[in-house]
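> What follows is a predicted structure for the sequence shown.
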Amino acid sequence: MAVSVNRHFGELGGSYLFSEVGRRVAEFQKENPDRSIIRMGIGDVTRPIPPVIVEAMKKAAGEMGTQEGFHGYGPEPGYGFLREAVAGYYSRRGVELSPEEIFISDGAKSDLGNLGDIFDAECSVLVTDPVYPAYVDSAVMSGRKVFYAAASAEQGFIPLPAQKGYLQEGDIIFLCSPNNPTGAVMTREMLEQWVEFARRHGRLIVFDAAYECFIQDDEIPHSIFEIEGAKECALEICSFSKKAGFTGLRCGYTVIPKELVVDGVSVRDLWFRRQSTRFNGASYITQRAAEAVFTPEGEAALEENLAYYRANAAILSEMLTECGVRHTGGKNAPYIWMECGVRNAFYTGKPGTGGILDSWTFFDRLLKEEGVVGTPGAGFGKAGEGFLRLTAFSTRENTLEAAERMKKFFRSL
Ligand code: PLP
């Protein structure tokens, strides 16, 4: 037999959302080299890594140059010191985990995609709509069927299992709270509903907690394991990217409780086997940096960065309120999800009517008229049409400037 390609790649939608945004911005910049552009789209951070974490990295780098401190291949699931530090972080929230249930990775995105390796190719996936596109594309690449649980603005963009239509579909359910892209957060009651549903119907929840550090309200759970029974039906993926500015450094972790058993097999054991075969661990230097994240000094320094981003979110949210634009997120999340305009009497409930533009038209106009870049909501799924995502990860200066420009833009609409 001759070699053939994975035909499922042909089933992927057009270019990845951020590539398309990048292409349009590059084209605009080429045609208008003198215009200043403010990027409020891609969710990369801008604050540098705090000195206490950089010092931990330097120390680890120094060790690598000594006979006694040199580290070669590390344990595939991560060094004990970091797994223990992560377990300690959970313990402070009342979630007891053994370090053996924690797997260190080079970031959440890798684990989100790689997890598919340990589940039958026939298992389908249920995602929310709007959705972080990587869940969908990873599932499509491995030939899985993808079902959507749509959520409207009226529902606060949070689908619940009791809603009609989801009961039959999706063996693996992806939930993300605080949510990318909508900034919506799931309450304890909402998570309880999903856990109860997953247990009753034999589904698995993959809980993406990449933005848990942005939660400010005490009653909002940071982890799905704060919900009773979740250890039997869920695993959790988390990241140091946004919490500690590791988008370039790369580190994350996945928690798979021993209680999680599918087809009589421990999911944790399968993942251990998978990682031992296909992953050689995150670097020692990176893991020492991640360990410093959980020290009191690390946490205090990171809190300053988080406060900075929260203040950015407040600037954007206040501007939108002043302009009469409906929006969610920004309080317990670094994303603001805004409607593309201001509704008037001719609004029929559909984007493109009564003062609300469709996502890409709004994106193009905001770029061309004011040089501000957001991320079109339609790129996150059908239910995202008519919305735009802004991020709080920009610099203060750019956030203030973007807010001024957007105010002007709304006046001209
Ligand atoms: N999960 C969500 C919801 C994200 O928004 C992102 C990054 O933007 C990731 C995971 C990926 O995180 P990492 O940088 O750890 O790969």
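Cool, got the structure.
> CA atoms for contacts and neighbours, from now on please.
Will do.
> so what's residue 388 up against?
The contact partners of residue 388, by Cα atoms under 8 Å, 6 or more residues apart in numbering, come to 337-340, 359, 363, 374-378.
> Same check on residue 136?
127, 146.
> right, is the helix or strand it falls within up against the ligand?
Using DSSP states H and E, residue 136 sits in helix 133-141. No. Judged by Cα under 6 Å from any ligand atom, helix 133-141 makes no contact with the ligand; its nearest approach is 8.0 Å.
> which parts of the stretch 251-400 of the chain sit against the ligand?
Residues of the stretch 251-400 of the chain lying near the ligand (Cα under 6 Å from any ligand atom): residue 252.
> Show me the beta-bridge partners of the residue in the stretch 251-400 of the chain positioned nearest to the ligand.
Going by Cα to the nearest ligand atom, the ligand is nearest to residue 252 of the stretch 251-400 of the chain, at 5.3 Å. Residues in a beta bridge with residue 252, per DSSP bridges, are residue 105, residue 239.
> Check the contacts of residue 388 and tell me the two furthest apart.
Maximum pairwise distance in the contacts of residue 388, criterion Cα to Cα, is 13.2 Å, between 337 and 363.
> more neighbours, those two?
residue 337 (27 against 24; other Cα atoms under 10 Å).
> Name the SS class of that one, please.
Judged by DSSP: H, G, I helix; E, B strand; the rest coil, the three-state class of residue 337 is strand.
> For it, give me the pLDDT.
The model reports residue 337 with a pLDDT of 97.
> that older thread, tell me the helix or strand right after the helix holding residue 136.
Assigned by DSSP H and E, the successor of helix 133-141 is strand 146-150.
> Might you enumerate the residues of the stretch 101-250 of the chain proximal to the ligand?
Residues of the stretch 101-250 of the chain lying near the ligand (Cα under 6 Å from any ligand atom): 107-109, 132, 180, 208, 210, 239, 241, 247.
> Find the closest residue to the ligand in the stretch 151-300 of the chain.
Closest point on the stretch 151-300 of the chain to the ligand, by Cα to the nearest ligand atom, is residue 239, at 4.3 Å.
> Please look at residue 175 and residue 198 and confirm they touch.
No. With contact defined as Cα atoms under 8 Å, residue 175 does not reach residue 198; the gap is 11.8 Å.
> Common neighbours of those two, please.
By Cα under 8 Å, 6+ apart, the residues touching both residue 175 and residue 198 are residue 205.
> For the longest helix along the chain, buried residues please.
Determined from DSSP state H, the single longest helix within the chain is helix 296-322. Within helix 296-322, the residues that count as buried by 16 or more other Cα atoms under 10 Å are 298-299, 301-303, 305-306, 308-317, 319-320.
> Pass me the low-pLDDT residue ranges in the protein, would you?
Scanning the chain for pLDDT under 70 picks out 15, 164-166.
> hmm, 80 instead?
1, 14-16, 42, 162-168 (pLDDT under 80).
> can you pull out the helices in it?
17-31, 51-64, 80-91, 108-114, 133-141, 188-201, 241-244, 267-278, 284-293, 296-322, 359-370, 396-412.
> which residues make contact with the last one from outside it?
Taking contacts as Cα under 8 Å, 6+ apart, the residues outside helix 396-412 that touch it are 38, 40, 308, 312, 315-316, 319-320, 323, 341, 366, 369-370, 372, 392.
> centre of the chain versus that helix, how much separation?
25 Å (Cα atoms, centre = their mean, to the nearest Å).
> how far off helix 359-370 does it point, in degrees?
With axes from the mean of the first three to the mean of the last three Cα atoms, to 10 degrees as the basis, helix 396-412 and helix 359-370 are set at 110 degrees to each other.
> Return the set of buried residues in helix 396-412.
Buried, per 16+ other Cα under 10 Å, within helix 396-412: 396, 398-400, 402-403, 405-407, 409-410.
> Max pairwise distance over those residues: which two?
Maximum distance among these (Cα to Cα): 20.9 Å, for 396 and 410.
> In JSON lines, list the residues of the stretch 101-250 of the chain next to the ligand along with neighbour count.
Shown next, in JSON lines, are those (neighbours: other Cα atoms under 10 Å):
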{"residue": "107", "neighbour count": "23"}
{"residue": "108", "neighbour count": "24"}
{"residue": "109", "neighbour count": "18"}
{"residue": "132", "neighbour count": "20"}
{"residue": "180", "neighbour count": "26"}
{"residue": "208", "neighbour count": "25"}
{"residue": "210", "neighbour count": "26"}
{"residue": "239", "neighbour count": "26"}
{"residue": "241", "neighbour count": "21"}
{"residue": "247", "neighbour count": "18"}
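> ok, how many other residues are close to the residue lying closest to residue 332 once chain neighbours are set aside?
In space, residue 332 comes closest to residue 215 once its chain neighbours are excluded; the distance is 4.2 Å by Cα to Cα, 6 or more residues apart in numbering. Applying other Cα under 10 Å, we find 19 other residues in the vicinity of residue 215.
> Likewise for residue 228?
12.
> Next one: the residue nearest to it when sequence neighbours are not counted from residue 174, what distance?
Spatial nearest neighbour of residue 228, chain neighbours left out: residue 192 (7.8 Å); criterion: Cα to Cα, 6+ apart. For residue 192, the distance to residue 174 equals 15 Å [Cα to Cα, to the nearest Å].
> okay, those two: which has more neighbours?
Between residue 192 and residue 174, residue 174 has the larger neighbour count (other Cα under 10 Å), namely 22 against 18.
> For that one, list each beta-bridge partner.
According to DSSP bridges, beta-bridge pairing links residue 174 with residue 206.
> Tell me if I'm right that it and residue 198 touch.
No. Counting by Cα under 8 Å, residue 174 does not reach residue 198; the two are 11.4 Å apart.
> any shared contact partners between those two?
With Cα under 8 Å, 6+ apart as the test, residue 174 and residue 198 both reach residue 205.
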